[in-house]
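Colleague: task: produce atomic coordinates for the following.
(one chain, ligands or ions: 1)
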Amino acid sequence: MADTDATVPHEPPKVTEEVRTSHSPAPEFQTIRSSPTPDKLTTLEIEEEQGNQFMRIMGLVFGPFLRECWAILIQTVFLLVKDALVSIRSVGATAFHILNPILFIFAVWVIQQALAAFDLFPASYGSDDKFSVDYQAYDVPVCTPGSSGNCYTLMAIPSTSTYTSLLTEFASYAGLPAATVAPVNDDITDAASFDSYMSSEEKRNSTLFAVEFTSYDLAGAGVEYVLHYDQNYWTCSSMSASECTSPYEWLELPMLNALDAFFAGKITGLDVTFDLGDNLLPPHPGQDDFQIFSVFGSMVLFAIFSIHTVIFSAQIVTEKENRIRAYMKVVGLRTISYWASFIIYMSVIITLNIIVLIISGWCFRFRMFTETNVLLLFVCFATYGYSIIALCILIAAVVKTSRLASLASFAFLIVSCVLAPMASGLLFAILQNDDTPVNNVVMKILEAISPLLFYQNVEKLNAVSDGVSDPLTFSDLEWTNDTEEVTFLRGNVLMIVYSTIYFIVAFYLDSISDANGVGKHPLWPLIPWKVFTFLEPLVNRYWNRIRGRIHIPLLSEPAWPPLDDEDIHAEVRAVHEAGPDTPLVVKDLVKRFRKFPVVRSPKDFVAVKGMNMMVKPNELLCLLGPNGAGKTTTISMMSGLFAPTAGDGLVYGRSISTEMHVVRKMTGMCPQHDVCTFQQLTASEHIMLFAAIKGLSIRQLRREIKDRIADVNLQDQARSRVSSFSGGMRRRLSIAISLIGSPRLIFLDEPTTGLDPVVRAAIWAIIMKQKEQSAIVLTTHSMEEADVLGDRIAIMAFGRNRCIGTSIRLKTRFGAGYKIVLSPKDAVEADMATVCRELYQQIAQSVPEVVLDSVDQRTMHISLPKEANDRVPELLAAIEAIKARIGDMAIELSTLEDVFITVAKTSQAEEFGSDDKDDLPDASVDLSASQTPYNGRSEHPSMGNMAPSPAWQSDHDLETIQSSDEA
Ligand SMILES: Nc1ncnc2c1ncn2[C@@H]1O[C@H](COP(=O)(O)OP(=O)(O)OP(=O)(O)O)[C@@H](O)[C@H]1O
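Modeller: From the prediction side, this is the model:
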């Protein structure tokens, strides 16, 4: 094998020869190659032919399954390498992404220090220095703080005269001059009647204390009473928070004490005093150690995790938006590899982020981190991280633009940071208390919302921050208990279960979406070979056989017969006669962009209407057409970006509908947009990535990188990052990527649009060279490009092929005839018109069809209409006859621009039914106006938007190509 490699020279045609003489094709390769005697083999085919012996034996044993697994593994690894390189090189962004917990935790720590410095902590009510109000604990306060005058009312229950006078006596005993004892009220006989009395609007807040006498027998059983206390009455308006925190401590307790002393005195006849003393128990050790993290903790954690949502979802959607993922799919990317690499990448970043979070929390001595088991912390954060990954993929599956993805993520951030803490506890508590079927369902739905679950989990871990609670430990873990709505264990398990469901939903939505290339059928999970994709080629092979035998009518699509044109008819015949050695056969191809899924509707847009064309080996077919004509759609279908609605395309006899996996290996595609979009990767790394995705083996990569870089003359920039590339260099790199694996058929979609003439000429040289070994389909708006490069030219308009043939054929058929420019010899400016007229008349005597178009200061312009093309010999003879009077002369056939404009106008007339195509907007208006390469786009076909590229700049460009060819 190594010997063979060494003998393979860099020139692709020679590669083919040598390899074919030194190897007999591998059995599986024969199934891919359609041509019985192909002229050339691609690098990929050579690769397959040489094949790794080990993989071949394994392949025979385990079949396609192993190959598929291997391809998935390789692609995943290379995508991960790409992610790693991009992350390492975007140091700032990656560092922020991973290290942001340090900032957040530091910010909380600063707040904590500031609050401590200004003594603003709300806790520590246990310290007696907070009691700035001058009351002793055993004295009943004269008045509630902040109120004046008649401070509070005492009421007896039952409100009889006996008990009322008893309370009046007590008020005097306790030294409450401002207290009023409510008068006797016969309606108040027990606690219930007192409650209803108090609940009436006018009585509310009228009574602070009520003493309910349940037994009053001084001589016998003694006194039993219940003290009722009205919390609503209480006002903190003029008190500091610390004073207001314990009304029980300084109001209820003294009242109870005073009542007890009063009744004890009554019973004993002594002057009884219960001295509670002013020494309350010392504060709980934790109370002075309150941490602000207990208030802001969950919010900070939500913010840290939400950053991942913003960054990851934008990253995924950007790849979707700039169509790089779709392109990778065209090259051969397996969806499973794409997601596997992304999930691994996201998991690594989130894991590092969690580690940084735990370490920084520990370093700043927040109790949640210092006292809780690290594993419990990690589990809590990791389960939410897992849910975040699923959520990112879900957002990316439904959102089309990165802007929208960022908006959605920010919305998620706001909701999770603000609403989850507010809603979670409240909702769970309410629903838990009220055990109705509806509440149970709502509860189950809430349990599926991961931020709510995360909040619950964090609250349990964070409880220790208040300085009172104990940290959560493994021994506390239980599935349910009576006090918690969702236990920590259950919360984490539910998070994993529901996040897995998010994942499944996200993958499904992503798989059926067309945003990343051809989406799968919505019912694909029910089709075994769509689930186990390695079975698909096998099924398709049998399906093809059946399809060949029976006629399946196109129920969904009307037929689009070819236009009535001799060249088109000839092309259709050639299409039907084409054998499997034809690089490209496009048969009745239709693309309908549906307004609604599945069903046809008048609002659908049919972009390609029964396209027929073929490309021969080593032929370059130029596809011209106005904006929106359907050129890109056609080649997108051929390269697997879109699925055709009807018709088929064959690449070396293999169908794009059923054998795309084979077609991909034989084709290369350079779309309109650049595909080297990973700014931090170098040119070589781009080629390495796409080559690995395309299926080249690892030992082939080095040579492939070298060859492809050399193809497009980027050797000096091979190790430069794409971010430093000019537009032309990016375009060349995109072309190099399309040449990976030396495909036998290449699609180039406007490869030179927007480039300066020198770069354009360089790209033409690359294309011309590539034509020696591949068939090429090229779309362009440059007539010169088509003239220079195209072996044949097809002009599309309104989704249909309007004409096809060589440049000369089209000019002859659709041009305005011949144009002759003559410069009379020795004519002075004054009699120029006379001389020209004389010369014209002499020519017209022989060829009366000749028309005098114009005369300027030095030249005259005459033309021979195309109807008189057969009079060219006579015309030349007439000019020969007057050559003594002619200085310089040029004769030329109509330009391709004339052809383009004529065809475009005619097709517009056909589409819109105008009899006189000259009435239609002049498609050529932009020609003179545009002196820069055309770069505009139109979303819908409009002749007014036609703007072919400017005239071919100079001979210099041709010389550049020739010299670079020679080089
Ligand atoms: N995904 C889509 N959904 C709906 N319409 C689409 C879609 N893609 C393309 N079209 C429409 O199909 C038509 C053909 O588009 P296409 O890109 O093939 O034109 P084109 O000939 O390549 O034009 P240009 O020269 O501007 O690149 C356009 O009118 C376009 O708006």
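Colleague: going forward, measure contacts between C-alpha atoms and count neighbours the same way
Modeller: Noted.
Colleague: what secondary structure does residue 175 sit in?
Modeller: Secondary structure for residue 175, judged by DSSP: H, G, I helix; E, B strand; the rest coil, is coil.
Colleague: please disregard the earlier target; I meant residue 816.
Modeller: Under three-state DSSP, the three-state class of residue 816 is coil.
Colleague: residue 897 is in contact with that one, correct?
Modeller: No - Residue 816 lies out of contact with residue 897 (C-alpha atoms under 8 Å); the separation is 10.6 Å.
Colleague: would residue 669 count as being in a strand?
Modeller: Yes - Residue 669 sits within a strand when classified using three-state DSSP.
Colleague: near the ligand, which residues of the stretch 551-700 of the chain are found?
Modeller: 593, 607, 625-633 (C-alpha under 6 Å from any ligand atom).
Colleague: hmm, 8 Å instead?
Modeller: Proximity of the stretch 551-700 of the chain to the ligand (C-alpha under 8 Å from any ligand atom) is limited to residues 593-594, 605-608, 624-634, 672.
Colleague: buried among the residues you listed? Make that a ChimeraX selection.
Modeller: To isolate the buried members of those in ChimeraX, using 16 or more other C-alpha atoms under 10 Å:
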select :593,594,606,607,608,624,625,626,627,628,629,630,631,632,633,634,672
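Colleague: looking at the residues of the stretch 551-700 of the chain next to the ligand, which are in strands?
Modeller: 593, 605-608, 624 (DSSP state E).
Colleague: what ranges does the stretch 401-550 of the chain have for its strands?
Modeller: Listed in chain order, the stretch 401-550 of the chain contains no strands at all (DSSP state E, counting those that start in this stretch).
Colleague: what residue ranges in it score low on pLDDT?
Modeller: 416-417, 419-435, 467-468, 482-484, 516-518, 533-534, 537, 540-541, 543-550 (pLDDT under 70).
Colleague: go with 90
Modeller: 401-491, 495, 506-507, 509-550 (pLDDT under 90).
Colleague: need the residues of it near the ligand, please.
Modeller: Contact residues, the stretch 401-550 of the chain versus the ligand (C-alpha under 8 Å from any ligand atom): none.
Colleague: now residue 819. Its backbone dihedrals?
Modeller: Backbone geometry at residue 819, expressed as degrees, to the nearest 10, gives phi -120, psi 130.
Colleague: that one contacts residue 889, correct?
Modeller: No - applying C-alpha under 8 Å as the test, residue 819 and residue 889 come out as separate, 10.7 Å apart.
Colleague: the two: which is more packed in?
Modeller: residue 819 (19 against 14; other C-alpha atoms under 10 Å).
Colleague: need the contact list for that one.
Modeller: Residues near residue 819 by C-alpha atoms under 8 Å, 6 or more residues apart in numbering: 861-864, 891-894.
Colleague: let's go with 7 Å and repeat that
Modeller: 862-864, 891-894 (C-alpha atoms under 7 Å, 6 or more residues apart in numbering).
Colleague: drop anything exposed from those residues.
Modeller: Buried among those (16+ other C-alpha under 10 Å): 862-864, 893-894.
Colleague: turn those into JSON lines, columns for pLDDT and distance to residue 512.
Modeller: Putting the buried ones among the contacts of residue 819 into JSON lines (pLDDT from 0 to 100; distance: C-alpha to C-alpha, whole Å) gives the following:
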{"residue": "862", "pLDDT": "89", "distance to residue 512": "61"}
{"residue": "863", "pLDDT": "87", "distance to residue 512": "58"}
{"residue": "864", "pLDDT": "86", "distance to residue 512": "58"}
{"residue": "893", "pLDDT": "77", "distance to residue 512": "52"}
{"residue": "894", "pLDDT": "77", "distance to residue 512": "49"}
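Colleague: from the residues you listed, which is closest to the ligand?
Modeller: Closest to the ligand out of the buried ones among the contacts of residue 819 is residue 894 (22.9 Å), distances taken as C-alpha to the nearest ligand atom.
Colleague: just checking, the closest one touches residue 814?
Modeller: No - Residue 894 is beyond contact range of residue 814, at 8.7 Å (criterion: C-alpha atoms under 7 Å).
Colleague: shouldn't residue 308 be within a helix?
Modeller: Yes - Residue 308 forms part of a helix when assessed by three-state DSSP.
Colleague: how many residues are close by it?
Modeller: By other C-alpha under 10 Å, neighbour count at residue 308 equals 23.
Colleague: try the one 10 residues further on
Modeller: Residues within reach of residue 318, counting by other C-alpha under 10 Å, total 19.
Colleague: identify the residue spatially nearest to residue 865, adjacent ones excluded.
Modeller: residue 817 (4.5 Å; C-alpha to C-alpha, 6 or more residues apart in numbering).
Colleague: for the stretch 701-850 of the chain, which segments are assigned as strands?
Modeller: With strands called from DSSP E, counting those that start in this stretch, the stretch 701-850 of the chain shows them at 745-749, 775-779, 792-797, 800-805, 818-824.
Colleague: ok, residues contacting the third one?
Modeller: When you say that, I think you mean strand 792-797. 620-626, 629, 786, 801-807, 904, 907.
Colleague: how about that strand as CSV, C-alpha atoms only?
Modeller: The C-alpha coordinates for strand 792-797 follow below in CSV (Å, rounded to 0.1, in the frame of the first residue of the first chain):
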residue,chain,number,x,y,z
ARG,A,792,-21.7,24.5,-24.0
ILE,A,793,-24.0,27.1,-22.5
ALA,A,794,-27.6,26.7,-21.3
ILE,A,795,-29.7,29.7,-20.6
MET,A,796,-32.5,29.2,-18.0
ALA,A,797,-35.3,31.6,-17.3
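Colleague: so for that strand, what's the average pLDDT?
Modeller: Averaging pLDDT along strand 792-797 gives 93.
Colleague: which strand or helix spans the residue in the stretch 51-200 of the chain that the ligand sits nearest to?
Modeller: Closest residue of the stretch 51-200 of the chain to the ligand, C-alpha to the nearest ligand atom: residue 79 (26.9 Å). In the assignment (DSSP states H and E), residue 79 maps to helix 64-89.
Colleague: chain center to that helix, what's the gap?
Modeller: Distance of helix 64-89 from its chain centroid, counting by C-alpha atoms, centre = their mean, to the nearest Å, is 19 Å.
Colleague: which elements pack onto it?
Modeller: Using 3 or more C-alpha pairs under 7 Å, 6 or more residues apart in numbering; DSSP states H and E, the elements in contact with helix 64-89 are helix 335-363, helix 683-694.
Colleague: show residues contacting stretch 714-723.
Modeller: 679-684, 709.
Colleague: meant to ask about stretch 592-607
Modeller: 591, 630, 645, 799.
Colleague: that older thread, tell me which helix or strand comes right after the helix holding residue 79.
Modeller: Next element after helix 64-89 (DSSP H and E): helix 91-117.
Colleague: what domains does the record give for the chain?
Modeller: 2-62, 128-235+242-282, 288-512, 521-552, 553-807, 809-923 (automatic domain parsing).
Colleague: re the thing from before, just put the helices and strands packed on helix 64-89 in TSV and tack on mean pLDDT and mean neighbour count.
Modeller: Converted to TSV, the helices and strands packed on helix 64-89 look like this (pLDDT from 0 to 100; neighbours: other C-alpha atoms under 10 Å):
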stretch	mean pLDDT	mean neighbour count
helix 335-363	93	19
helix 683-694	94	25
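Colleague: of all the ones you listed, which one is nearest residue 274?
Modeller: With distances scored as C-alpha to C-alpha, the stretch of the helices and strands packed on helix 64-89 nearest to residue 274 is helix 335-363 (48.3 Å).
Colleague: elements contacting the closest one?
Modeller: Against helix 335-363 (3+ C-alpha pairs under 7 Å, 6+ apart) you get helix 64-89, helix 91-117, helix 367-371, helix 374-398.
Colleague: now the angle from that helix to helix 683-694?
Modeller: 120 degrees (axes from the mean of the first three to the mean of the last three C-alpha atoms, to 10 degrees).
Colleague: tell me how far helix 335-363 lies from the chain's centre.
Modeller: 19 Å.
Colleague: please find the angle between the direction vectors of it and helix 91-117.
Modeller: Per the same axes, to 10 degrees, the angle that helix 335-363 makes with helix 91-117 is 30 degrees.
Colleague: what's the most buried one of the domains of the chain?
Modeller: domain 553-807 (a mean of 21; mean count of other C-alpha atoms under 10 Å).
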